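[1] compute the structure for the input listed below.
(one chain, ligands or ions: 2)
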Amino acid sequence: MSIPPVIRTEGLTRTYDAGRNAVHALRQVNLTIERGEMVAVMGASGSGKSTMMNILGCLDTPTAGTYWLDGERVDGLDRDARADIRNRKIGFVFQGFNLLSRTSAIDNVELPLLYDHSGRHLDTQALAAAALARVGLSDRADHHPSELSGGQQQRVAIARALVTEPALILADEPTGNLDSRTSVEVMALFQELNEQGVTIVLVTHEPDIARYAGRIVEMRDGRILRDEPVSNRHDARADLRALGTAVEEAAV
Ligand SMILES: Nc1ncnc2c1ncn2[C@@H]1O[C@H](COP(=O)(O)OP(=O)(O)O)[C@@H](O)[C@H]1O
Ligand SMILES: [Mg+2]
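    Numbers count the residues shown, from 1 in each chain. Ligands and ions are numbered 1, 2, ... in the order given. Sure thing, here's the model as predicted:
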């Protein structure tokens, strides 16, 4: 048996009923993303990126069309079933980090395990510690978000997304609140996780960020305008080393 794609949609359509005018936010989108891919979704404001991410993330349902997530058909599921599959299959990373401010880094990372009532996660603190180690923040486990830099907070959020070993990480503008160097650091972490086999779909409006992905899907007016592999994929770790050199040279 072959491995199913992580994402497969056929004719995915989402129409918002806004008063007397229907808004066609997604029009017949066909998209397949295989396990192990790292895909950047681009497009102007209003092109349908968030609508698509909400449906791919099982936060919303399509008006028409089919959606298979990791081999399971999910377009017709009700709210509870969507919450369940979301917890099992998807890790989310947001522009604003969305960490609980009165909660330590490790407890933030542990939360998705506590929401999961399947009983499949036994030692939740140990799993949270392992996820923090994966993002290089073991030494910050007991710090609260306000004691961490923006880049560190986003790494905590990535550890929280990883802790359940999801089939898919969905990131909506994950570098939108970060300066350019910190953005490259976060992309280096995503590239490292992707090399380890994690499937990542991220929304960004920055072409320089999209080039760290292996494939770019560009949307316009609810349709996929362009869907291509990145020919000269950038290496975020190499860019960081170059930035480090530039900073040192400037300091001399
Ligand atoms: N809840 C909603 N009700 C009505 N229209 C919406 C709603 N959400 C989004 N839209 C409309 O759907 C289109 C796509 O929006 P969106 O998916 O947010 O695009 P993007 O994330 O690319 O900016 C836009 O025309 C937007 O105004
Ligand atoms: Mg949006």
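[2] please give the element, helix or strand, for the residue of the stretch 1-150 of the chain found nearest ligand 2.
    Closest to ligand 2 within the stretch 1-150 of the chain is S50: 3.2 Å, counting by C-beta to the ion. Using the backbone N, CA and C atoms, a C-beta is placed for each residue, glycine as well. Using DSSP states H and E, S50 sits within helix 49-56.
[3] show me where the stretch 1-150 of the chain dips below the pLDDT cut-off.
    Confidence mapping of the stretch 1-150 of the chain against pLDDT under 70 gives the ranges 1.
[4] now the residue of the stretch 51-200 of the chain found nearest ligand 2: how far from I106?
    Nearest to ligand 2 in the stretch 51-200 of the chain, going by C-beta to the ion, is D172, at a distance of 7.1 Å. For D172, the distance to I106 equals 24 Å [C-beta to C-beta, to the nearest Å].
[5] just to revisit the earlier point, let me see the contact set for the residue of the stretch 1-150 of the chain closest to ligand 2.
    D172, V203 (C-beta atoms under 8 Å, 6 or more residues apart in numbering).
[6] what ranges do the strands span in the stretch 101-250 of the chain?
    Ranges of strands within the stretch 101-250 of the chain are 168-172, 200-203, 215-220, 223-229, based on DSSP state E, counting those that start in this stretch.
[7] the first one and ligand 1, any residue contact?
    This points to strand 168-172. No - using C-beta under 6 Å from any ligand atom, strand 168-172 stays clear of ligand 1, with a minimum separation of 8.3 Å.
[8] that strand vs helix 49-56, what angle?
    Relative orientation of strand 168-172 versus helix 49-56 (axes from the mean of the first three to the mean of the last three C-alpha atoms, to 10 degrees): 150 degrees.
[9] for strand 168-172, the averaged confidence score.
    Taken as a whole, strand 168-172 carries a mean pLDDT of 96.
[10] if we ignore the residues flanking it in sequence, what's nearest the residue of the stretch 51-200 of the chain found nearest ligand 1?
    Proximity of the stretch 51-200 of the chain to ligand 1 (C-beta to the nearest ligand atom) peaks at T51, 3.3 Å away. Of all residues not flanking T51 in the chain, A25 sits nearest, at 4.2 Å (C-beta to C-beta, 6 or more residues apart in numbering).
[11] the one you found - how many residues pack around it?
    A25 is flanked by 23 other residues according to other C-beta atoms under 10 Å.
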